[in-house]
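S.K.: Attaching a predicted model along with its sequence, questions to come.
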Amino acid sequence: MKKLTYTIVAAFLFCSVEAQIQNAGFENMTDGLPNHWNIKKTDSYEGKIDYTQYFGGKASMQIAGKSDNYKDFQSFSQKVPLNIEQLQKIEISAYIKSKNTKGKILLWTQVKDESGKMIDFGNSDSQQKVIAVNKDWTRYSLIFTVDKNVKSLLLGGVFSGSGTVWFDHFELKTISLSDEEPSKVSSKYIRDFKNIVKKNSIFSDQLDWKNIDSNLEHLSKGMKTIDDTDPALGYIIQNLRQAGDNHSFISGKERSEKQKKSNTNEAKPDSRLIDQHIGYISVPGFGSLNTEVGNDFALQIHNMIKKLDSENTIKGWIVDLRGNTGGNMYPMISGLGSLIGEGTLGYFVYKDKKSPWVYKNRKFGDNKITEPYDLKSGQSKIAVLIGPSTASSGEATTIAFIGKSNVKLFGKPSAGYTSANSVYPLSDGKSFALASSYEMDRNGKVYYGKIDPDVPVESKEGQDMDIETAKNWILN
């Protein structure tokens, strides 16, 4: 891949960027909805123009939540085209008010290249700019580093919860770069982060580090605290995105701490008997690095398999990974060990390095089943269901099944996050998950993107065709 080159000059010109957000004050509307803004209606919410509440002008965007189900949300967005000549920092801001609100309010922005590929993303949580609820009009903002490769932004707001929130006076402007030298604290934080990427990223050789270093020197001017360094870190990640890394990300301090103690994914494993002779196991993502919590998760899956197999005559299995968005692969695979079997299940690979995934004595990584159950029949057919939400460690779990003679994959191609992330703690309590290797199945095939099913399945309204197709294969 061609190396990425950037040029930075003393004068940073970004003419009339403020004018590029259309209907920024929500004063123009059609059928009660603001022009130029896209609002996908959700049953639990009502979005409309409000002429009684506003920060400036004469109107605002109101979102009213009707339930406490925080899994539902209402968002709105606008695509903003950009024409940028030199690398610079920009700020997206809005004024927000809320009343009788329980839930979460966010500003968010996707940064996209010419092809529409997202090369950067941020929201109020990821940039550590939490929006307080039940406050009068308050200005909140997001900051990004952009260059000539950035061609558009998709920006907007989102609300999940109950109560009422108003958004008004969106603005996009350039942040002038300082001439003042950065503090030692901020310089070290940027340097340490850059070195993690430089030494460990599978895309490191594709980046032009000379130009990156030069641009970071300019971007870091005036930075005093670690919080000030977000645009510099975002610039490094943006370079990774443009090189093809769609997997690396930073987790905030709160999430990083939670992962050390508990599972950040609320979804639970599930099981049932299908047509009296098929064992069904659904394995969601698992978001914890805690060994004890991981063992409990693995044991839940193991015991579901044990109960189905010991109490029934099982002719085959369906392992549903369609909702597995990733996390920690080890508890997932450990829990499914009765179906996967022991041995070398796959590999982490990069250049001349090859690290096997060894499942032995019912132990995989740090996770172990202390009282393992052996299936009545180890040769029963296993249908693994995958789809566009099967991602990251969900894809690694899929790869652990590939190559077994009694296994077939059903459904649609996976998400394509088949690089493996290593987690690096940062000095301020955040953590950085960096794509540091690719994944290889037991037969030696390396995966650089999506996993294709052995049996592609077309959707049909009112029916789960993945399960129906898998059933037919198992029983015939």
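M.R.: Structure's in. What do you need?

S.K.: So which residues of the stretch 351-476 of the chain form strands?
M.R.: For the stretch 351-476 of the chain, the strands defined by DSSP state E, counting those that start in this stretch occupy 353-360, 363-364, 367-368, 381-386, 407-411, 419-425, 431-441, 446-447, 455-456.

S.K.: Of these, which stretch is the most buried?
M.R.: Ranked by mean neighbour count, the strands of the stretch 351-476 of the chain are led by strand 381-386 with a mean of 26 (mean count of other C-beta atoms under 10 Å). C-betas here are computed from N, CA, C, even on glycine.

S.K.: Can you name every helix or strand that it contacts?
M.R.: Judged by 3 or more C-beta pairs under 8 Å, 6 or more residues apart in numbering; DSSP states H and E, strand 381-386 is in contact with strand 316-320, helix 393-401, strand 407-411, helix 465-475.

S.K.: Who are the packing partners of the longest one?
M.R.: This points to helix 465-475. Using 3+ C-beta pairs under 8 Å, 6+ apart, helix 465-475 sits against strand 278-282, strand 316-320, strand 381-386, strand 407-411.

S.K.: residue ranges with poor pLDDT in the stretch 1-150 of the chain?
M.R.: 1-19, 69-71 (pLDDT under 70).

S.K.: Kindly recompute the last result at 50.
M.R.: For the stretch 1-150 of the chain, applying pLDDT under 50 flags the ranges 1-19.

S.K.: next one: the stretch 251-400 of the chain
M.R.: For the stretch 251-400 of the chain, no range has pLDDT under 50.

S.K.: could you redo the last one with a cut-off of 90?
M.R.: Within the stretch 251-400 of the chain, the segments meeting pLDDT under 90 span 252-255, 266, 351-352, 377-379.

S.K.: sorry, back to before: will you turn the helices and strands packed on strand 381-386 into TSV that also has distance to Ser183?
M.R.: Output for those, formatted as TSV (distance: least, C-beta to C-beta, whole Å):
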stretch	distance to Ser183
strand 316-320	51
helix 393-401	37
strand 407-411	51
helix 465-475	54
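
S.K.: mind checking which of those is nearest Gly116?
M.R.: Among the helices and strands packed on strand 381-386, the nearest to Gly116 by C-beta to C-beta is helix 393-401 (23.2 Å).

S.K.: so where do the helices sit in this protein?
M.R.: In the chain, the helices defined using DSSP state H lie at 184-200, 209-219, 230-243, 253-261, 291-311, 329-335, 337-340, 393-401, 465-475.

S.K.: Need those in a markdown table (columns: distance to Phe167 and mean neighbour count).
M.R.: As requested, the helices of the chain are exported to a markdown table (distance: least, C-beta to C-beta, whole Å; neighbours: other C-beta atoms under 10 Å):
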| stretch | distance to Phe167 | mean neighbour count |
| --- | --- | --- |
| helix 184-200 | 31 | 17 |
| helix 209-219 | 29 | 17 |
| helix 230-243 | 22 | 23 |
| helix 253-261 | 24 | 15 |
| helix 291-311 | 38 | 19 |
| helix 329-335 | 39 | 27 |
| helix 337-340 | 48 | 22 |
| helix 393-401 | 34 | 27 |
| helix 465-475 | 39 | 18 |
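
S.K.: what's the closest of these to Pro425?
M.R.: helix 253-261 (7.4 Å).

S.K.: I'd like to check what contacts the closest one. Which residues are they?
M.R.: By C-beta atoms under 8 Å, 6 or more residues apart in numbering, the surrounding residues in contact with helix 253-261 are Ser251, Thr264, Gly287, Ser288, Leu289, Asn290, Val293, Pro425, Asp428, Gly429, Lys430, Ser431.

S.K.: number of nearby residues for the nearest residue to Tyr95 once chain neighbours are set aside?
M.R.: Nearest non-adjacent residue to Tyr95, counting by C-beta to C-beta, 6 or more residues apart in numbering: Phe55, 4.1 Å away. Neighbour count of Phe55, defined by other C-beta atoms under 10 Å: 18.

S.K.: re the thing from before, so which of the helices and strands packed on helix 465-475 comes closest to Asn211?
M.R.: So among those, strand 381-386 is nearest, using C-beta to C-beta, at 39.1 Å.

S.K.: what lines up beside the closest one in the sheet?
M.R.: Applying DSSP bridges to the sheet, strand 381-386 is found paired with strand 316-320 (parallel), strand 407-411 (parallel).

S.K.: Report pLDDT for Gly244.
M.R.: Per-residue pLDDT puts Gly244 at 92.

S.K.: what about it, neighbour count?
M.R.: Using other C-beta under 10 Å: Gly244 sits among 16 other residues.

S.K.: That one against Ile202, yeah?
M.R.: No. Using C-beta atoms under 8 Å, Gly244 is not in contact with Ile202, being 9.1 Å away.

S.K.: rewinding a little: turn the helices of the chain into CSV, columns for distance to Gly161.
M.R.: Shown next, in CSV, are the helices of the chain (distance: least, C-beta to C-beta, whole Å):
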stretch, distance to Gly161
helix 184-200, 33
helix 209-219, 36
helix 230-243, 26
helix 253-261, 18
helix 291-311, 27
helix 329-335, 30
helix 337-340, 39
helix 393-401, 28
helix 465-475, 33
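
S.K.: Which of those helices sits closest to Ile21?
M.R.: Closest among those, using C-beta to C-beta: helix 230-243, at 19.9 Å.

S.K.: For that closest one, which helices and strands make contact with it?
M.R.: Using 3+ C-beta pairs under 8 Å, 6+ apart: helix 230-243 touches strand 118-123, strand 138-146, helix 184-200, helix 209-219, strand 249-251.

S.K.: who wins for proximity to Gly32 among the ones you listed?
M.R.: Across the helices and strands packed on helix 230-243, Gly32 has its closest neighbour in strand 138-146 (25.5 Å, C-beta to C-beta).

S.K.: other SSEs contacting the closest one?
M.R.: Using 3+ C-beta pairs under 8 Å, 6+ apart: strand 138-146 touches strand 88-112, strand 118-123, helix 230-243.

S.K.: Can you give the distance of the second one from its chain's centre?
M.R.: Offset of strand 118-123 from its chain centre (C-alpha atoms, centre = their mean, to the nearest Å): 10 Å.

S.K.: same question, the longest one
M.R.: A distance of 19 Å separates the C-alpha centroid of strand 88-112 from that of its chain, computed with C-alpha atoms, centre = their mean.

S.K.: cool, stretch 155-172 as well?
M.R.: Centre-to-centre, stretch 155-172 and its host chain are 22 Å apart (C-alpha atoms, centre = their mean).

S.K.: Please apply the same query to stretch 133-151.
M.R.: Stretch 133-151 sits 20 Å away from the centroid of its parent chain (C-alpha atoms, centre = their mean).

S.K.: how close does Trp209 get to Ile84?
M.R.: Computed with C-beta to C-beta, to the nearest Å, the distance linking Trp209 and Ile84 is 22 Å.
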